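**Student:** A predicted structure for the sequence below; I have some questions about it.
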Amino acid sequence: MENYLIPTKEEDDHIRKSHNVSLLLYHLVCPVKYRRAVILDEVGQVVKETCLEISQRYEIHFVEIGMEKDHAHFLIQSVPRYSPTEIAKTVKSITAREIFRLRPEVKEKLWGGEFWTSGYYINTVGRYGNRDIIRSYIAQQGRNEADYKQIHTNQLTIF
């Protein structure tokens, strides 16, 4: 096994539970409804504070939050309990509710009554290897053992 799959003590960000160990990172991008430029400093502060509160209530940790006037970027660490869709829904619904509660003037600029668009972008982020490194790691498993057999390999496919 190569070094890229063995984190040192200093860089080990894994979440350890009684029955699993995970390191799941997601890049979530949420555009504002109608791409309206409403994320000013005050709104960004509400998003930040709300995300920190989400971290207290859910196993959703915000590693980084970035804002532009019409969309937000979140680097999120979570646990296998939550699917990427559940994470996105949780973040979007709670932040929108708090923005409208604490900054009601923003709702006037969004005539549909929703803060975020219905869509979003989410992608997994790998700390210890990209697709090629992990594929190579899997392919090398058991090379010294007679009982290891590669039973499937394929290209990534978009459906």
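**Tutor:** Arrived safely, thanks for sending.
**Student:** for the rest of this, base every contact and every neighbour count on C-alpha atoms.
**Tutor:** OK.
**Student:** neighbours of Tyr121, just the number please.
**Tutor:** Tyr121: 12 surrounding residues under other CA atoms under 10 Å.
**Student:** my error: substitute Ile87 in the last question.
**Tutor:** Using other CA under 10 Å, Ile87 has 20 neighbouring residues.
**Student:** just the pLDDT for it.
**Tutor:** What the model reports as pLDDT for Ile87 is 98.
**Student:** what do you get for Thr157?
**Tutor:** pLDDT recorded at Thr157 is 57.
**Student:** quick check: phi and psi on the residue nearest to Arg16 when sequence neighbours are not counted?
**Tutor:** Of all residues not flanking Arg16 in the chain, Ser22 sits nearest, at 6.7 Å (CA to CA, 6 or more residues apart in numbering). Per-residue torsions, Ser22: phi -140, psi 160 (degrees, to the nearest 10).
**Student:** next one: Tyr120
**Tutor:** phi -170, psi 170.
**Student:** what sits against the residue nearest to Arg16?
**Tutor:** Ser22 makes contacts with His14, Ile15, Arg16, Val79, Pro80, as judged by CA atoms under 8 Å, 6 or more residues apart in numbering.
**Student:** ok, and what's touching stretch 117-126?
**Tutor:** So stretch 117-126 is in contact with 24-34, 84, 88, going by CA under 8 Å, 6+ apart.
**Student:** swap in 7 Å and give it another go.
**Tutor:** Leu25, Tyr26, His27, Leu28, Val29, Cys30, Pro31, Val32, Lys33 (CA atoms under 7 Å, 6 or more residues apart in numbering).
**Student:** turn those into CSV, columns for neighbour count, pLDDT and secondary structure.
**Tutor:** Formatted as CSV, these follow (neighbours: other CA atoms under 10 Å; pLDDT from 0 to 100; DSSP: H, G, I helix; E, B strand; the rest coil):
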residue, neighbour count, pLDDT, secondary structure
Leu25, 21, 89, strand
Tyr26, 21, 91, strand
His27, 18, 91, strand
Leu28, 20, 93, strand
Val29, 20, 93, strand
Cys30, 22, 95, strand
Pro31, 22, 95, strand
Val32, 24, 96, strand
Lys33, 21, 95, helix
